[in-house]
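Q: Here's my sequence, what's the structure:
(chains A and B)
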Amino acid sequence: MTMIFGIPLQALLGQLLIGLINGSFYALLSLGLAIIFGLLRMINFAHGAQYMLGAFTAYLLLTFAGIGYWVALILAPVIVGVLGAVVERLFLRRLYDLDPLYGLLFTFGLALTLEGAFRYVYGASGQPYATPSALAGGTNLGFMFLPIYRGWVVVVSLVVCIATWFLIEKTKLGAYLRAATENATLVQAFGVNVPVLLTFTYGLGVALAAFAGVLAAPVYQVSPLMGSNIIIVVFAVVVVGGMGSIMGSIVTGYMLGIAEGLTKVFYPEASNIVIFVIMAIVLLIRPAGLFGREA
Amino acid sequence: MARSSSTAPAVLAGTDKADPAAASGFKLVLGVVALGVLLAVPFFVYPIFLMKVLCFALFACAFNVLLGYTGLLSFGHAAFFGGAAYFTAHVVKEWGFPPELGILTGVVGAAALGFVMGALAIRRQGIYFAMITLALSQMFFFFCLQAEFTKGEDGIQSVPRGHLLGLIDLNQPLAMYYTVAGTFLIGLFLIWRFVNSPFGMILKSIRENEARAISLGYSVQRYKLGAFVFSAAIAGLAGAMKALVFQFATLTDVAWQMSGEVILMTLLGGIGTMFGPIVGAGFIVALGNYLATTGFPVTIITGVVFMVCVLVFRRGIVGEFYASRLGRRLGLDHRH
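A: Next up is the predicted model:
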């Protein structure tokens, strides 16, 4: 068996793949956070809960309507995104003139409520969600065994990340978004409906979280606590990357996922905290974050 | 007392103008009444519940030093509260420390932890500050989960209360209660001194306008760090007490939900008021106790209370009272 640094190559690649999968979720979630923060100047603490909501929507669609994975992959983010837009319209809108910390606190309360409600109904344990049959099984790449679904997660999340980057950096709509980030009043004066833009942006960010949740459903179980476990790590990812750049948050997400995977191979005890340690180091060396601008 | 009665007509006369004498008289009366209640209440209410309220009230007051008086939202205060509980429980149980030294260990440990976390967190501002403190406290949570001395999921159980100063047997519920009440008052006094000192004034100026404070030549970072360490130490005092009262220290106290709870207590009671966090803590602890008997999940209610507070009740209970007509007449509405 091939060995690298005294570790079997198989184990190394296996953990690398897990790291890449986690990195995909980190990237999707921190991307959504960065988009919302860019325009609304607010940290969406409910992001983890909305990721959980995406997974649960897929699960409920399957259980009660018999709607399978492929439709749910589109439908669940739309449903959760619309719910997010409603929340923005009804509540978040009232907080824009206040200190951004109130937005953080409101969405924190929202996250607690959502999680508490699902926990009340479904308990703390997870519900299984079957891998779609087209993506079941695995393939032997010669040097490692690759479960097809996991490969799919990595590929599709990369595609979605790049598509989102394209939407924001290269399209007309994205140009409006970026302009409104710089100076919302001026953009409004040019006749762009900024309030609708804000609602759309929040819905888009939330939909990305829900999309990640549907992707995650077959990998992990669908559990009420899946969101709060991941969101704090994603916050650290966001601190490391800085929220100034869309590409920055994508790259940082994958990088930190891989770093976490590799830590599991070489020093498993630290795998839970390695991202936080990296965050601390980045704060010492480059407080604005790897891709951030000084706020 | 004579002073307050002589100013009473001015209050009744209904001048909306603040009367400083009436205000200080009102505060004096309120203080005496509160002290009386604090002394008498264990004869009417279950002492363990009261001690829980006092521990959380002190915790919330310590948190408020940062949020209310310095404008820093820490989302990681559970690390100091729960960390101190672990330190105290460990030295008292395993090393046989007397309670007073155990509490001191908890406070020093929390302050040291606060120094490290604070030094990192103050490198960013606003929303990033909140996320960094949350991430660092989560790191501490994982440390507690894996470290040897915290006993993992079980926590440190059956911590002996011991004899305070070798004299007072803390296993007597009343002795324990008055110790907690005394410590609470000491902690409150320290906070009051701290926020009303020249140091505290500079903190307020940082809260109001950080750039201006920098331009006036204050090394803002050092003041922030000082406030952070002080707040962590008092939070540690509260956590150390809780470990002795309940005789255990577990992961619950270092989890992020606890950091959220203390924010809610402060928000509900009134950010930046001296007594708001105490009122908020009383409400939340009572709510938790009540809901525990019904089996309805506490997080749903706390989440809803959070959202309602942020949307329509940002001044909190005490803040609303200060801003009400009565509060204005009593000259209480001069939020620093």
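Q: Could you use CA atoms for every contact and neighbour count after this?
A: Noted.
Q: Get me the contact residues on chain A for chain B.
A: By C-alpha under 8 Å from any C-alpha of the partner chain, the residues of chain A that approach chain B are A:42-43, A:91, A:94-95, A:100-102, A:104-117, A:120, A:232-233, A:235-236, A:239, A:269, A:272-273, A:276, A:280, A:283-284, A:287-288.
Q: what about burial for those, which qualify?
A: By neighbour count, with 16 or more other C-alpha atoms under 10 Å in any protein chain shown, those hold A:42-43, A:91, A:95, A:100-102, A:104-117, A:120, A:232-233, A:235-236, A:239, A:272-273, A:276, A:280, A:283, A:287-288 as buried.
Q: Next step: the residues of chain A next to chain B restricted to helices.
A: Among those, DSSP state H puts A:100-102, A:104-117, A:120, A:232-233, A:235-236, A:239, A:276, A:280, A:283-284 in helices.
Q: Once you drop chain neighbours, what's closest to residue 123?
A: Let's take chain A. Sequence neighbours aside, residue A:224 is the residue nearest to residue A:123 in space, at 7.6 Å (criterion: C-alpha to C-alpha, 6 or more residues apart in numbering or on different chains).
Q: if you could check chain B rather than the one you did, that'd help
A: Of all residues not flanking residue B:123 in the chain, residue A:287 sits nearest, at 6.1 Å (C-alpha to C-alpha, 6+ apart).
Q: Surely residue A:181 touches residue A:39?
A: Yes: the pair residue A:181 / residue A:39 is scored as a contact, 4.8 Å apart, by C-alpha atoms under 8 Å.
Q: quick one: which of the two has more around it?
A: Taking other C-alpha atoms under 10 Å in any protein chain shown, residue A:181 and residue A:39 do not tie; residue A:39 has more neighbours (21 against 17).
Q: Tell me how far the helix or strand hosting that one lies from the chain's centre.
A: Element membership of residue A:39 [criterion: DSSP states H and E] is helix A:9-40. In terms of C-alpha atoms, centre = their mean, to the nearest Å, the centre of helix A:9-40 is found 7 Å from the chain centre.
Q: now swap in stretch A:193-200 and tell me
A: Offset of stretch A:193-200 from its chain centre (C-alpha atoms, centre = their mean): 22 Å.
Q: quick one: buried residues of that stretch?
A: Of all the residues in stretch A:193-200, those buried under the rule 16+ other C-alpha under 10 Å are A:194, A:197-200.
Q: now swap in stretch B:252-261 and tell me
A: For stretch B:252-261, a neighbour-count test (16+ other C-alpha under 10 Å) marks B:253-261 as buried.
Q: can those residues go into TSV with extra columns for distance to residue B:125?
A: Shown next, in TSV, are the buried residues of stretch B:252-261 (distance: C-alpha to C-alpha, whole Å):
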residue	distance to residue B:125
B:253	26
B:254	23
B:255	23
B:256	20
B:257	22
B:258	22
B:259	19
B:260	19
B:261	22
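Q: What is the nearest of those residues to chain A?
A: residue B:260 (8.2 Å; C-alpha to the nearest C-alpha).
Q: my guess is residue A:73 contacts residue A:214, does it?
A: Yes: using C-alpha under 8 Å as the test, residue A:73 is close enough to residue A:214 to be in contact (6.1 Å).
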